[in-house]
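*Asks:* Dropping the sequence and predicted coords here.
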Amino acid sequence: MTIADVANLHTFVDAFRFIGDNPHFLLEKAWQQIELSLAALALAAVVALPLGVVLGHFHRFSGLAIGASIFGRAVPSLVLIAAFLTVLGIGFANNMVALAILGTGPMLTNAYDAVDGVDRDAVDAARGMGMTGGQVLARIELPLAIPLLFTGIRIAAVTIVATAPIAAIAGGGGLGDIIVNQASYRLAGVLGASFCVMLLSAGVFLALAALQSAVTPKGLRRSTLGRAPSS
Amino acid sequence: MIRKHTRRAAKAAFAISLSVAILIGLLTAALARPAHASPKAGPTIILGSKNFPEEYILGELYKQALEGAGFTVSYKQSIGSTEIMTSALQSGKINMYPEYTGVIVQDVFGHKSSPKTASATYKLAKSLEAKKGFSLLNPTPFYDTDVLAVTNATAKKYGLKSIADLKKVGAFKLGGFPECKTRNTCFAGYVKQYGLSKASFLSLGSISGYAALDAGKVLAADVFSTDPPLGKGSKYTVLQDPKHVTGFQNVAPIVKTSLLQQLGPNFTKTVNAVSKDLTLDAIVAMNKAVEVDKASPAVVAAAFLKANHLK
Amino acid sequence: MRLAGGGPVIPNFGQGSSCVTGDHVFCWGWVKAHWGDTLGPALVQHIELTLIAVAIGFAIAFPLALLAHRYHRLEQPFGTVAALLYTIPSLALFQLLVPFTGITRTTIEVALVSYTLVILFPNIMAGLRSVPADVIEAAQGMGLTRRQVLWRIELPLAVPSIIAGLRIAVVSTVAIATIAATLLRDGLGSPILDALQDPIPFKTEIYSAGLLAVALALAADTVLVALRHVLVRWPRNAE
């Protein structure tokens, strides 16, 4: 494989041919990746969303919420996968947990910011009207928090889907199986599988953006800016 | 308005940070180049090794022996599997690496089946490589073939003695390193030669077959005959391969012929002296030291070379 | 000297400690014994990889951002290329560069630099843009040239964003650099991959290399936060 090969763009063309020649195989691999990503996202959501929302409601432990993001970014996914492999053994579980941890950071931080940042006046007014804490949360804070909250879910989802190929290093399957196997599938296969991953990430992003629009209360839809997530 | 000294400080800070950043980048790039002892006269041997521990040991053995004999060696450990090594060799990114004779014949040159003896395999490999401008130095006494292993319990359950017996099992998962899927000396070969049409392949990535077997993720795994877990009292049963799908696999260093000529007879002598001492017992002992006792390949290789006056 | 009967001398390579062979959770002894030949060099390599990538990334992103700030038309194309780069899985990018730069550190660095560009460019741009328009107008009204406005007002106010970008870039680079080991045994990903290959994945090596990577990322983050405090008085919002 020389520069001439690649500069000729023929690898590029071959990549598309690879995709065209192996639709079933690629779909099967893509589905494996989606399964893994969905499970990881669900696990992360179950932990991060309630926690973030509750902490934000009580305006407590902001350090934890922000720290979760920094921590989640600071631990390389390879390290997570390897470490959980030693605890959970090989297979679906360890990769799922590792990816879930990656997704927890953005969701926790955004959930916290979203609820914590809701206009105090609105909250005060609601309390003034006699609503309990729970009612304030359900009727005022959560609806107003949806844009930012959903952004967090979106970031987490795209991060998880885009990182999932690494699971192939630990027998986790998915499109990563092709990417780590340049020997069998050649550069064209690696490039083709990469395009599929990119497409998948983009697809998840758009799908969730559409879902976010659907779920956001009408009054808020135009101003999804609100507050930027902290970094 | 921003106060004057803050402005100036910030401006200075920017200039400084940017230059520091660039400086660090350049310095580290320069310093990061490995410090060679003043290179001896002669071309550099760019030695590579494949991506598993036995190859790391072989790489270190040849590297240290050659350096001891006064050659300049640039060693790149764990470049990749056979296919990657072959293209690295052909494009000149490396000019030497230890390869297995049967792999050369069946995987590099795609022959469907293996010759009937170890020496026939070596001779064929040598002539095939010579046509491409590469020389094969002497083979090692030890061989290391791919083998298919199952747990003892599985062997008992299905009465498995040879790979052909796997047909009895019906649909099952066979695990191996990624490239195994398409190789004649591995999954593709097993399926074809033994009619295992119901077998499906599980790509293990970097995970060892033994870990996958222990976890019950696969019924059978492709592993290597010199692996420490296959020794006496093993928990695993190696299935016999009467059709020699995995071929004969002694190790022989591939070297670019033009480099060989440039380096002279002392090079060949040094390498062959090391290869001569690599018996099955020796390599298994070294594998155990690295894979089970977690010693580093460089240290193990050094000890072996020293004990045999090869350094 | 050969043994009578031929055959090499097989020295005693020493027995691994019972901690290691027994697959205990963490073997301090192994870490101490192998710091010099395995963990230490890997850590140094990782620091090198990260520093070079972030330094070069910054050296490229900074002038590009200044350019895009001046000529607004450039921002879109720069931004799009950057975003596209980021979606390429790192596992693949390393391999895709091999035909150009070989199986060398250069390949790793090109990939790492690409990812840092993606993070630094938007952050520097955002920082530059964060200056309120009326502040700039006032300054221009006072007779400051465009260059003076840039260096005396916009850049100082952009520092927090830039440092924020550097923090993310450094931490991401440390993480992505572990994947580089799939291409070439360089950095802290190398002991981890080696440990995964053992018949029983070697816990101690995984945990120690992993902890070093996390510690490195957190340490770098802390240094940059300190740098931010040193560099600038926190600009008051009301200005």
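*Replies:* Okay, I see it.

*Asks:* only C-alpha atoms for contact and neighbour calcs from this point on.
*Replies:* Fine.

*Asks:* Next up, the contacts around the nearest residue to residue B:301 once chain neighbours are set aside.
*Replies:* Closest residue to residue B:301 apart from its sequence neighbours, by C-alpha to C-alpha, 6 or more residues apart in numbering or on different chains: residue B:61 at 5.1 Å. Counting by C-alpha atoms under 8 Å, 6 or more residues apart in numbering or on different chains, residue B:61 touches B:274, B:298, B:301, B:302, B:305.

*Asks:* Ok, residue C:62 next?
*Replies:* Residue C:62 sits next to C:120, C:121, C:124 when contact means C-alpha under 8 Å, 6+ apart.

*Asks:* In which helix or strand does it reside?
*Replies:* helix C:40-70 (DSSP states H and E).

*Asks:* and residue B:127, how many neighbours does it have?
*Replies:* Residues within reach of residue B:127, counting by other C-alpha atoms under 10 Å in any protein chain shown, total 13.

*Asks:* separation between it and chain C?
*Replies:* 28 Å (C-alpha to the nearest C-alpha, to the nearest Å).

*Asks:* Give me every residue in chain C lying close to chain A.
*Replies:* C:87-89, C:91-92, C:95-96, C:99-100, C:164, C:168, C:171-172, C:174-176, C:178-179, C:189, C:192, C:196, C:201, C:203, C:206-207, C:210, C:213-214, C:217-218 (C-alpha under 8 Å from any C-alpha of the partner chain).

*Asks:* mind redoing it with 6 Å?
*Replies:* C:87, C:99, C:100, C:171, C:175, C:210, C:214, C:217 (C-alpha under 6 Å from any C-alpha of the partner chain).

*Asks:* now swap in chain B and tell me
*Replies:* B:83, B:178, B:179, B:203, B:204, B:205, B:206, B:207.

*Asks:* where does the spatially most central residue of chain B sit relative to chain C, distance-wise?
*Replies:* Among the residues of chain B, residue B:50 comes closest to the average C-alpha position under C-alpha atoms, centre = their mean, at 2.8 Å. Per C-alpha to the nearest C-alpha, residue B:50 is found 11 Å from chain C.

*Asks:* what pLDDT does residue 144 get?
*Replies:* No chain was given, so I picked chain A. You'll see residue A:144 listed with a pLDDT of 84.

*Asks:* my bad, chain B
*Replies:* 94.

*Asks:* Hmm, residue B:225 and it touching each other?
*Replies:* Yes: the pair residue B:144 and residue B:225 qualifies as a contact (C-alpha atoms under 6 Å) at a distance of 5.4 Å.

*Asks:* what comes up buried for the helix or strand where residue B:157 lies?
*Replies:* Per DSSP H and E, residue B:157 falls inside helix B:152-158. Neighbour counts over helix B:152-158 (16 or more other C-alpha atoms under 10 Å in any protein chain shown) mark B:154, B:155 as buried.

*Asks:* re earlier: identify, from the residues of chain C next to chain A, the entry nearest to chain A.
*Replies:* Among these, residue C:175 lies closest to chain A (C-alpha to the nearest C-alpha), at 4.2 Å.

*Asks:* for the closest one, what are its contacts?
*Replies:* By C-alpha atoms under 6 Å, 6 or more residues apart in numbering or on different chains, residue C:175 lies in contact with residue A:76.

*Asks:* now the strand or helix carrying it against helix C:40-70, angle please.
*Replies:* Using DSSP H and E, residue C:175 maps to helix C:155-179. Helix C:155-179 runs at 140 degrees relative to helix C:40-70, counting by axes from the mean of the first three to the mean of the last three C-alpha atoms, to 10 degrees.

*Asks:* Now the element after helix C:155-179, going C-ward?
*Replies:* helix C:189-197.

*Asks:* helices or strands up against the helix or strand following that following helix?
*Replies:* Once helix C:189-197 ends, the next helix or strand along the chain (criterion: DSSP H and E) is helix C:203-231. Judged by 3 or more C-alpha pairs under 6 Å, 6 or more residues apart in numbering or on different chains; DSSP states H and E, helix C:203-231 is in contact with no other helix or strand.

*Asks:* model confidence over helix C:203-231, on average?
*Replies:* Mean predicted confidence for helix C:203-231 is 91.

*Asks:* Which parts of it count as buried, going by neighbours?
*Replies:* C:203-210, C:212-214, C:216-218, C:220-221, C:224-225, C:228, C:231.

*Asks:* if we can go back for a sec, secondary structure element for the residue nearest to residue B:301?
*Replies:* Counting by DSSP H and E, residue B:61 is found in helix B:53-68.

*Asks:* What average pLDDT does that helix get?
*Replies:* Mean predicted confidence for helix B:53-68 is 96.

*Asks:* Please give me every residue in contact with the residue in chain A positioned nearest to chain C.
*Replies:* Proximity of chain A to chain C (C-alpha to the nearest C-alpha) peaks at residue A:76, 4.2 Å away. Counting by C-alpha under 6 Å, 6+ apart, residue A:76 touches residue C:175.

*Asks:* Please apply the same query to the one 3 residues further on.
*Replies:* For residue A:79, the contact set (C-alpha under 6 Å, 6+ apart) comprises residue C:210.

*Asks:* A strand includes it, no?
*Replies:* No: under DSSP: H, G, I helix; E, B strand; the rest coil, residue A:79 sits outside any strand and is assigned helix.

*Asks:* Next one: it from residue B:58, what distance?
*Replies:* 28 Å (C-alpha to C-alpha, to the nearest Å).

*Asks:* For the closest residue to residue B:164 other than its chain neighbours, grab phi and psi.
*Replies:* For residue B:164, ignoring the flanking residues on the chain, the nearest one in space by C-alpha to C-alpha, 6+ apart is residue B:194 at 5.5 Å. Main-chain dihedrals, residue B:194, degrees, to the nearest 10: phi -110, psi 10.

*Asks:* so which strand or helix has residue C:94?
*Replies:* helix C:90-101.

*Asks:* For that helix, name the packing helices and strands.
*Replies:* Against helix C:90-101 (3+ C-alpha pairs under 6 Å, 6+ apart) you get no helix or strand.

*Asks:* which of the residues in it are buried?
*Replies:* Going by 16+ other C-alpha under 10 Å, helix C:90-101 has these buried residues: C:90, C:91, C:92, C:93, C:94, C:95, C:96, C:97, C:98, C:99, C:100.
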